[in-house]
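this one's structure only:
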């Protein structure tokens, strides 16, 4: 049945369009009114860098202010990690080491964040190192280059998936003994099986974190290549990188 209602008055249509347009304009206005992202380095960051790079009283005052900031950051991180014993001593050590690192690397600050944010990370890093070392204080780190044998054993009665994993573990253990040096084996076992923090291991061995990272990288690269030769890893995953 056709409707007999009269058609909408065409003259009324234009009157409704301004309301729609007003909503659109308001919407666009809300978007374009967003505050611009802050530009870095800001004036405060520039002042920090200038003062720390200067000499005389200005430099000394900036160093004192920075040390206070780093000390607060270190205390916060140590509390977050549950460190209680000698917290103040650890915080001062972390703040001092962070300050030394910042002054040595001041030229690397690129102004991509606030200077205080950039500096804060140094304190958090050093506090984390101090907390891990304190947790391992008095604990013996046994460098056992044959420790992988404890887990690299197969189970003949395991189901298919378990048998495949047992085969991979056994092959990995054989590869560790065959292609890694005693030092590489000891570092791999200490970090991956004994959960020794890398900075703690570096301290015990009288080396650096960077050197241990390289040892670990080289060991893993050798293992991937060896397992790929045996068809236990895809060639792309086991190849040189």
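The structure has been received and is ready for your questions. All figures in this text were calculated on a predicted structure; none of them were measured in a lab.

all contacts plus neighbour counts: C-alpha atoms, from now on.
Will do.

so what are the domain limits for the chain?
Residue ranges for the domains of the chain, per automatic domain parsing: 43-135, 147-238.

quick one: the last one to chain centroid distance?
When you say that, I think you mean domain 147-238. 23 Å (Cα atoms, centre = their mean, to the nearest Å).

where does this protein have low pLDDT?
1-40, 142-162, 235-241 (pLDDT under 70).

what is the neighbour count of residue 96?
Residue 96 has 17 neighbours, counted by other Cα atoms under 10 Å.

just the element for it, please.
helix 87-104 (DSSP states H and E).

who does that helix touch, helix- and strand-wise?
Helix 87-104 is packed against helix 57-80, helix 115-135, with contacts defined by 3 or more Cα pairs under 8 Å, 6 or more residues apart in numbering; DSSP states H and E.

can you list these in CSV and add distance to residue 45 and mean neighbour count?
Shown next, in CSV, are the helices and strands packed on helix 87-104 (distance: least, Cα to Cα, whole Å; neighbours: other Cα atoms under 10 Å):
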stretch, distance to residue 45, mean neighbour count
helix 57-80, 12, 18
helix 115-135, 5, 20
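
now distance to residue 202 too, for those helices, in CSV please.
Putting these into CSV (distance: least, Cα to Cα, whole Å) gives the following:
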stretch, distance to residue 202
helix 57-80, 21
helix 115-135, 10
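
nearest to residue 178, out of these?
helix 115-135 (32.6 Å; Cα to Cα).

so after the closest one, what's the next helix or strand?
Past helix 115-135, the next helix or strand by DSSP H and E is helix 160-179.

in that next one, what counts as buried?
165-177 (16 or more other Cα atoms under 10 Å).

nearest to residue 62, of these?
Nearest to residue 62 among the buried residues of helix 160-179, with distances taken as Cα to Cα, is residue 176, at 51.6 Å.

please report how far that closest one lies from residue 191.
To residue 191, residue 176 is 14 Å away according to Cα to Cα, to the nearest Å.

and if you look at residue 95?
27 Å.

now do the phi/psi pair for residue 85.
phi -70, psi 130 (degrees, to the nearest 10).

hmm, I typed the wrong one, I wanted residue 139.
Dihedral angles (degrees, to the nearest 10) for residue 139: phi -90, psi 140.

so how many other residues sit close to it?
9.

kindly report the same for residue 193.
13.

next: the one 4 residues further on.
Here the count is done by other Cα under 10 Å, and residue 197 has 16 residues near it.

then the one 4 residues further on?
Residues lying near residue 201 (other Cα under 10 Å) number 21.

could you measure from it over to residue 217?
With Cα to Cα as the criterion, residue 201 and residue 217 are 16 Å apart.

do residue 54 as well
Counting by Cα to Cα, the gap from residue 54 to residue 217 is 41 Å.

can you check residue 228 too?
In terms of Cα to Cα, residue 228 sits 17 Å off from residue 217.

looking at the two, which is more packed in?
Higher neighbour count among residue 228 and residue 217: residue 228, with 17 against 14, using other Cα under 10 Å.

nearest to residue 141, out of the domains of the chain?
domain 147-238 (7.6 Å).

so which residue is smack in the middle of this protein?
Centroid-nearest residue in the chain: residue 125, 9.9 Å away (criterion: Cα atoms, centre = their mean).

gap between that residue and residue 94?
Counting by Cα to Cα, the gap from residue 125 to residue 94 is 8 Å.

next: residue 48.
20 Å.

the more surrounded of these two?
More neighbours surround residue 94 than the other of residue 48 and residue 94, with 28 against 19 (other Cα under 10 Å).

wait, that one sits on residue 120?
No. Using Cα atoms under 8 Å, residue 94 is not in contact with residue 120; the gap is 11.4 Å.

what do these two both touch?
Shared contacts of residue 94 and residue 120 (Cα atoms under 8 Å, 6 or more residues apart in numbering): none.
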